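Asks: coords please:
(chains A and B)
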Amino acid sequence: MSLSRTDRQLAALLLGCALLAATIVLLILLFLVKESWPMLQHVPLIRFVTDASWHPVDGLYQLTPMLSATLYSTLGAVLLAAPLGIASALFSRYYAPPFLAGCYRRLIELLAGIPSVVYGFWGLITLAPLIGRLHPPGVSLLTGILVLTLMILPTVALTADAALAAVPVAYLRGAAALGLSRWGLISGVALPAARSGIIAGTLLAAGRAIGETMAVLMVAGNVVQQPQSLFDPVRTLTANIALEMAYATGEHRAALFVSGLALMVMVLVLVGTAELLSRKRHYG
Amino acid sequence: MVKNALTTGVIWLTAALVSGVFVWLLADIIIHGLPKLSWSFLVEPPQNAGRSGGIGPIIVSTVLILGVAMVTSAPLSLATAVLLSEFTRHDSVYGRLVRRSLDVLAGVPSIVFGLFGNAFFCIYLGLGFSILSGGLTLACMVLPLLIRTAEEGLQAAPNDYRLASAALGMSRSATLVHLLLPTATPALVAGLMLGLGRAVAETAALIFTSGYVDRMPGSLFDSGRALSVHIYDLSMNVAGGDSNAYSSALVLILLLLIINSIALSLANQWLHRSVVTV
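Replies: Residues are numbered from 1 along each chain as shown, chains lettered A, B, ... in the order given. Just a heads-up that it's a prediction; the model follows:
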């Protein structure tokens, strides 16, 4: 069908807008690379691992303490949030009476919307002193992991809930007809059927944990060091950027943009994997 | 059988634990935040680095930043959504490319948006640390969410509307303005509110774009401190700022609740309105 003149004009306008929206992500990549270029040009990437320490003013750019802090805190948060989140989804879908299930889901949705700075503030004021009583100083890798767990738990719970809701009712009826117990039905039928959706949601949550800045910045202590125990204060990649951007210039600033670039690549790999998984579910 | 009973117990316990922790968090903020909350807290300027006084200028800055973000991202996202849902085939190369790049944008961490906003809006475009820079950075951030909700809303409009108006010889623009947009309004508004909620919760992207200054902003080119940045600054950099930080956190949560309930009630109201006004 041929379009009228107004329609063609409108289409051209819309095309321009969509192009603008689509190029923002390229613009972000472009500027990240542009700002990190002075660094990438004459500092080989291996020095981010082999340098003696992180003293950007003296030209030492070891990022490994921050990388391991990010890795440990994300891993810890996912290990805690995944079982809790999946159990939450199972609770609201198979265990709770309808009214309670509705309330519980509303609560989780409310929590998904609470700002990260509020989680960080609460962790700093309430959680850190409690952990400090156990083992000072309180602001530590453990506190970071716990606050991150709270933050990503709603993501895991809501995606797992959606994945469980997508399991065909016929499967569940069939399992019930075979006389399976409730747990037998869940572990033998519902969870396997929803598996790829649940894994995709957990990966999304991991991406959120890696990229999270404020909460860990406020509760993890921000000391640049390789953590020896759960009670050591650590500084993550994101916290490092937030802390040092304010005064960084020259190569130091470029180094922060390099870590931003690394962060973006990590998150995109996770999100991409999650998307592949959820696509497989549609066609599988 | 034992296994079944055991897992039932574990799952009820988990649910109790999760709701317990969250009730603890909310109650803690309400109990400590409520005593200081008053009209004067909302309108007075902060004093003594925020330890005393209120959050008047901070609320104004927050509203201005959100305004800039929404005014720029809403039309752009609506146009993109209309293009994707009404003017391209679902499998067209261009549509797929746009969708893919928006998916990537949705995954970018907020601190990276902060870096980008600082490099692009503040320095490259020369806007400096300003409300405009912060708002535009947030606009980039909420764009994928707004486009996705608007696209879903448009696609939910019955296909009969498109066929009937085509049969009547209406142009696509007229169909869009008179039928599709009114039908999709609840979804569009709900999406806008979701974006607003995401933007008001953001901190990391604003620290290096809209800045820290807690004075009343004179124009959009002034630096302005958002509510979330205020909470961060009070709790991390100001000793003795905790009680005001509690109240600010409570205000932020209440703001989010208000935004969400407006979205819900508007959506309901529009659902019951007839599409074509005679």
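
Asks: residue contacts, the residue of the stretch 151-284 of chain A at minimum distance from chain B?
Replies: Closest to chain B within the stretch 151-284 of chain A is residue A:211: 2.6 Å, counting by CB to the nearest CB. Any C-beta I mention is one placed from the backbone N, CA and C, and that applies to glycine too. Each residue near residue A:211 by CB atoms under 8 Å, 6 or more residues apart in numbering or on different chains is listed here: A:238, A:263, A:267, B:108-112.

Asks: from these, which has minimum pLDDT?
Replies: Least confident by pLDDT among these: that is residue A:267, with 88.

Asks: in three-state terms, label that residue for me.
Replies: Secondary structure for residue A:267, judged by DSSP: H, G, I helix; E, B strand; the rest coil, is helix.

Asks: burial measure for it, as a count.
Replies: A count of neighbours around residue A:267, defined by other CB atoms under 10 Å in any protein chain shown, yields 22.

Asks: and it, how close does it get to residue A:74?
Replies: 10 Å (CB to CB, to the nearest Å).

Asks: any residues in contact with both of those two?
Replies: Common neighbours of residue A:267 and residue A:74, using CB under 8 Å, 6+ apart, are residue A:210.

Asks: tell me the SS of residue B:222?
Replies: Following three-state DSSP, residue B:222 is assigned to coil.

Asks: got the phi and psi for it?
Replies: For residue B:222, the backbone dihedrals (degrees, to the nearest 10) come out as phi -80, psi 150.

Asks: hmm, it is touching residue B:212, no?
Replies: No: look at residue B:222 against residue B:212 with CB atoms under 8 Å: they stay out of range, at 12.0 Å.

Asks: now do the contacts for residue 109.
Replies: In the absence of a named chain, this looks at chain A. Going by CB under 8 Å, 6+ apart, residue A:109 touches A:154, A:158.

Asks: that's the wrong chain, I meant chain B
Replies: By CB under 8 Å, 6+ apart, the residues touching residue B:109 are A:210-213, A:238, A:263-264, A:267, B:204.

Asks: those helices in chain A, which residues are they?
Replies: A:5-42, A:47-50, A:64-90, A:98-112, A:116-122, A:128-134, A:141-165, A:169-177, A:182-185, A:191-211, A:214-219, A:237-244, A:250-283 (DSSP state H).

Asks: what of chain B?
Replies: According to DSSP H, chain B carries its helices in the segments B:2-33, B:39-43, B:56-82, B:93-107, B:110-117, B:131-155, B:159-167, B:172-175, B:181-200, B:204-207, B:227-237, B:242-271.

Asks: need those helices in a markdown table (columns: mean neighbour count).
Replies: Shown next, in a markdown table, are the helices of chain B (neighbours: other CB atoms under 10 Å in any protein chain shown):
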| stretch | mean neighbour count |
| --- | --- |
| helix B:2-33 | 15 |
| helix B:39-43 | 13 |
| helix B:56-82 | 22 |
| helix B:93-107 | 17 |
| helix B:110-117 | 28 |
| helix B:131-155 | 25 |
| helix B:159-167 | 12 |
| helix B:172-175 | 18 |
| helix B:181-200 | 22 |
| helix B:204-207 | 29 |
| helix B:227-237 | 24 |
| helix B:242-271 | 18 |
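
Asks: could you point out which of the ones you listed sits nearest residue A:57?
Replies: Ranking those by their distance to residue A:57 (criterion: CB to CB) puts helix B:110-117 first, at 19.7 Å.

Asks: check residue A:52 and give its pLDDT.
Replies: 84.

Asks: to clarify, my last question referred to residue B:267.
Replies: pLDDT for residue B:267: 67.

Asks: same deal with residue A:5?
Replies: At residue A:5, pLDDT is 86.

Asks: OK, contacts around the nearest residue to residue A:74 once chain neighbours are set aside?
Replies: Leaving aside its sequence neighbours, residue A:74 sits nearest to residue A:209 (CB to CB, 6 or more residues apart in numbering or on different chains; 4.4 Å). Neighbour list for residue A:209: A:73-74, A:77-78, A:148, A:151-152 [criterion: CB under 8 Å, 6+ apart].

Asks: kindly report the same for residue A:240.
Replies: With contacts defined as CB under 8 Å, 6+ apart, residue A:240 is in contact with A:54, A:66, A:224, A:256, A:259.

Asks: pretty sure residue B:230 contacts residue B:55?
Replies: Yes: assessed by CB under 8 Å, residue B:230 is found in contact with residue B:55 at 6.4 Å.

Asks: which neighbours do those two share?
Replies: Shared contacts of residue B:230 and residue B:55, defined by CB under 8 Å, 6+ apart, are found at B:46, B:248.

Asks: the helices of chain B: which one's closest to residue A:62?
Replies: Closest approach to residue A:62 among the helices of chain B (CB to CB): helix B:110-117, 20.1 Å.

Asks: and that closest one, anywhere near chain A?
Replies: Yes: Helix B:110-117 reaches chain A (CB under 8 Å from any CB of the partner chain) through B:110-116.

Asks: contacting residues for the nearest residue in space to residue A:64 that is not next to it in sequence?
Replies: Ranked by CB to CB, 6+ apart and with sequence neighbours excluded, the top spatial neighbour of residue A:64 is residue A:49, at 5.7 Å. With contacts defined as CB under 8 Å, 6+ apart, the neighbours of residue A:49 are A:62-64.

Asks: do the same with residue A:185
Replies: Residue A:185 is in contact with A:94, A:172, A:175-176, counting by CB under 8 Å, 6+ apart.

Asks: now, of those residues, which are buried?
Replies: The neighbour count (16 or more other CB atoms under 10 Å in any protein chain shown) marks A:94, A:172, A:175 as buried among the contacts of residue A:185.

Asks: up against chain A, what does the stretch 151-278 of chain B have?
Replies: Contact residues, the stretch 151-278 of chain B versus chain A (CB under 8 Å from any CB): B:166, B:171-173, B:176, B:197, B:200-204, B:207-208, B:228-229, B:231-232, B:235-236, B:242, B:245-246, B:249, B:252-253, B:256, B:260.

Asks: that older thread, need the contacts of residue A:209 in CSV with distance to residue B:87 and neighbour count, can you?
Replies: Formatted as CSV, these follow (distance: CB to CB, whole Å; neighbours: other CB atoms under 10 Å in any protein chain shown):
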residue, distance to residue B:87, neighbour count
A:73, 45, 30
A:74, 41, 26
A:77, 42, 27
A:78, 41, 23
A:148, 42, 30
A:151, 39, 26
A:152, 37, 27
